[in-house]
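# Got a predicted structure here, sequence first:
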Amino acid sequence: MKLGLGLYRDRLTKDNFQFAKQAGCTHIVAHLVDYYNGVEGLPSTDKDRNMGIARTNDDVWSYESLIALKKSMNEEGLEFEAIENFSPADWYDILMDGPTRNAQIENLKMIIRNVGRAGIPIIGYNFSIAGVWGHVNRPVARGGAVTATFNLQEGPEETPIPNGQIWNMTYDFNAPKGCIPPISSAELWERLERFLKELIPVAEEAGVRLAAHPDDPPMPTIRGYGRLVNQPHLYQKLLDIAPSHSNALEFCMGTIQEMTDGNVYEAIDQYSKQNAIGYVHFRNVIGKVPNYQEVFVDEGDIDMIKALRIFKRNKFDGVFIPDHTPQMTCKAPWHAGMAYALGYMKAALSIVNNE
Ligand SMILES: O=C(O)[C@@H](O)[C@@H](O)[C@H](O)[C@H](O)CO
């Protein structure tokens, strides 16, 4: 079991690689999508505001760029474990079943082949129309630390998504006025099935695992659009569509814990037993949908040591990252929050690995 750090695109720097190494990480999970445009946190997007413009034909997905990024990590003693998320600009018509779907599938095949050729083992993805949505940053973690919260009653209004936007980003400023019509979970499952059946064989050939992130928040619908994996057992439905080592899970403990059915320990056991987990978001929460808050790794509803023992019992040998953490009150809120989480994880892994 290994320790890693997830870095958004604007944080893929030598300083942050050194920060990760100093905190005991051996691996990096890189977000190549340029969301937020420098705005911290997971803003709740609406008809007027979202996470910015999704870049088309972004060179960051080329083999040359991937190899250069990997080299910059290797130079700091780190391994490039995974890329997290495709760009909305590169798969909006796969998600929407739109006119350029087939061309976008061919482009994702090229990306997967580039990733495999660069020796990067995993691509995480979240097959979702609304994406990660509805979080509000509030000072409610220990000591008043600012953290992501979700409260269906008090949160942002669930307005439909304007045409030309998806996964909280804009890919077409010239889209016709109006909004994306409602899409059912059943329809989205059909699109996911086509996506997996076409891309898993390519991923197998490229030596890449496609790892599915669950729906966060794990509601049945968000903004009128159906969700896919909003209960733990639905991860199995996704795996069973295309049984393969390349059809894997981006196992987010926080999101699984936010779900109303099942429990995170049974889910860890069920999916680590199958060797289906690509890598783990090792984060904690208090509460479940429709009202929860993300918290420090040691103050949530999950017994994280108990969880690690299940991973170890089932011989999981992948990477754990904090994903996101509360922002600590100091001059470097993000770094301090991550350093705290990584310190806890390093100690917990050492204890459990040596039991
Ligand atoms: O649990 C979560 O919501 C996080 O993992 C997401 O914030 C992150 O953006 C993932 O990349 C969603 O695919």
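Noted; the coordinates are in hand.
# Following the chain past the lowest-mean-pLDDT helix or strand in the chain, name the next helix or strand.
One helix or strand of the chain scores below all others by mean pLDDT, DSSP states H and E: strand 169-170, with a mean of 90. As assigned by DSSP states H and E, the chain's next helix or strand after strand 169-170 is helix 185-206.
# Can you tell me which helices and strands that following helix packs against?
Taking 3 or more C-beta pairs under 8 Å, 6 or more residues apart in numbering; DSSP states H and E as contact, the helices and strands that helix 185-206 lies on are helix 88-96, helix 101-117, strand 209-212, strand 225-226, helix 234-241, strand 247-252. Quick note: C-beta positions are derived from backbone N, CA and C, even for glycine.
# Out of those, the one nearest the ligand is which?
Comparison of the helices and strands packed on helix 185-206 against the ligand by C-beta to the nearest ligand atom identifies strand 247-252 as nearest, at 4.4 Å.
# Now look at that closest one and say if it contacts the ligand.
Yes: contact of strand 247-252 with the ligand (C-beta under 6 Å from any ligand atom) involves residue 252.
# change the start of the numbering to 59 and stick with it
From this message on, residue numbering opens at 59, which makes the last subject strand 305-310.
# Quick check: residues of the stretch 309-413 of the chain near the ligand?
310, 312-313, 339, 381-382.
# Let me have the helices and strands packed on helix 243-264 in a markdown table, extended by mean pLDDT.
Output for the helices and strands packed on helix 243-264, formatted as a markdown table (pLDDT from 0 to 100):
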| stretch | mean pLDDT |
| --- | --- |
| helix 146-154 | 97 |
| helix 159-175 | 98 |
| strand 267-270 | 99 |
| strand 283-284 | 98 |
| helix 292-299 | 98 |
| strand 305-310 | 98 |
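# can you pick the most crowded of the residues of the stretch 309-413 of the chain next to the ligand?
Scoring these on neighbours with other C-beta atoms under 10 Å, the highest-scoring entry is residue 313 at 27 neighbours.
# just checking, what packs against the helix or strand containing that one?
Assigned by DSSP H and E, residue 313 belongs to helix 311-316. With contacts defined as 3+ C-beta pairs under 8 Å, 6+ apart, the secondary structure elements packing on helix 311-316 are helix 322-331, strand 335-339, strand 342-346.
# again, only using 6 Å
Here helix 311-316 touches helix 322-331, strand 342-346, going by 3 or more C-beta pairs under 6 Å, 6 or more residues apart in numbering; DSSP states H and E.
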